[in-house]
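Trainee: here is my input, please return the structure:
(chains A and B)
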Amino acid sequence: EVQLVESGGGLVQPGGSLRLSCAASGFTFSRYWMSWVRQAPGKGLEWLANIKQDESEKYYVDSVKGRFTISRDNAQNSLYLQMNSLRAEDTAIYYCARDPRNYYGSGSYGLGFDYWGQGTLVTVSS
Amino acid sequence: DIQMTQSPSSLSASVGDRVTITCRASQSISNYLNWYQQKPGKAPKLLIYAASSLQSGVPSRLSGSGSGTDFTLTISSLQPEDFATYYCQQSHTTPWTFGQGTKVEIK
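Mentor: Predicted coordinates for the structure are as follows:
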């Protein structure tokens, strides 16, 4: 059974840092792209970042570029999100998600986030 | 960035009704359009990927269609468990982007 379990959320002051983790099991983690998606209270979904299997490609949404860093440890079946310079508007539930691909040439298209974790709440407030 | 616009933002329907939600992309995304269902307090669930492919375990009363910029999600006969919020998402070009959501409520 595929499982994704996030951890590391909590209350942090504006300007602070937090590192989220996502523990994967039930599939060969090293074969998949992975993503982080967040949802502010009462709002819609926002994709934040994704990472290729070997970490050779990483992409970010503009709102977190330069502040957040996605990484992974395939030996530990884990995905991470280092969040720095946190702002009140970063308050949200953060989900990790598996990001399967349809490959063409040197690129790929996404096939939807087929598995999600339960989410971890990050609250940025003084 | 590719903008995704869903309509309507909300709708009220009865059990047994046929429901259609539309999603429009600001530029062509071929068929790289995915649909999710989200219930309160839960993570989203993938329903349809690549515009029309049903994710494993999703009931056949749900279907998706479209290509290019215009897409639809159809529920042929609404069931009590279908009352939720639905999101479209393009996976053609990063940043991946979501529609704003459509809340399906009980009439």
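Trainee: all contacts plus neighbour counts: C-alpha atoms, from now on.
Mentor: Fine.
Trainee: residue numbers of chain B in contact with chain A?
Mentor: With Cα under 8 Å from any Cα of the partner chain as the criterion, chain B meets chain A at residues B:32-35, B:42-46, B:49-50, B:89, B:91-101.
Trainee: and those, which are buried?
Mentor: Taking 16 or more other Cα atoms under 10 Å in any protein chain shown as the criterion, what is buried in the residues of chain B next to chain A is B:32-35, B:43-46, B:49-50, B:89, B:91-92, B:94-101.
Trainee: among those residues, name the ones in strands.
Mentor: B:33-35, B:45-46, B:49, B:89, B:97-98 (DSSP state E).
Trainee: same for the strand or helix carrying residue B:66, what does it pack against?
Mentor: Secondary structure assignment for residue B:66, by DSSP states H and E: strand B:62-67. Here strand B:62-67 is seen to pack against strand B:53-54, strand B:70-75 when contacts are counted using 3 or more Cα pairs under 8 Å, 6 or more residues apart in numbering or on different chains; DSSP states H and E.
Trainee: which residues touch the closest residue to chain A within chain B?
Mentor: With Cα to the nearest Cα, the shortest gap between chain B and chain A falls at residue B:91, namely 4.6 Å. For residue B:91, the contacting residues are A:109-112, B:29, B:32-34, B:97, by Cα atoms under 8 Å, 6 or more residues apart in numbering or on different chains.
Trainee: wait, which of the residues you listed is closest to residue A:37?
Mentor: Nearest to residue A:37, judged by Cα to Cα, of the contacts of residue B:91 is residue B:97 at 10.3 Å.
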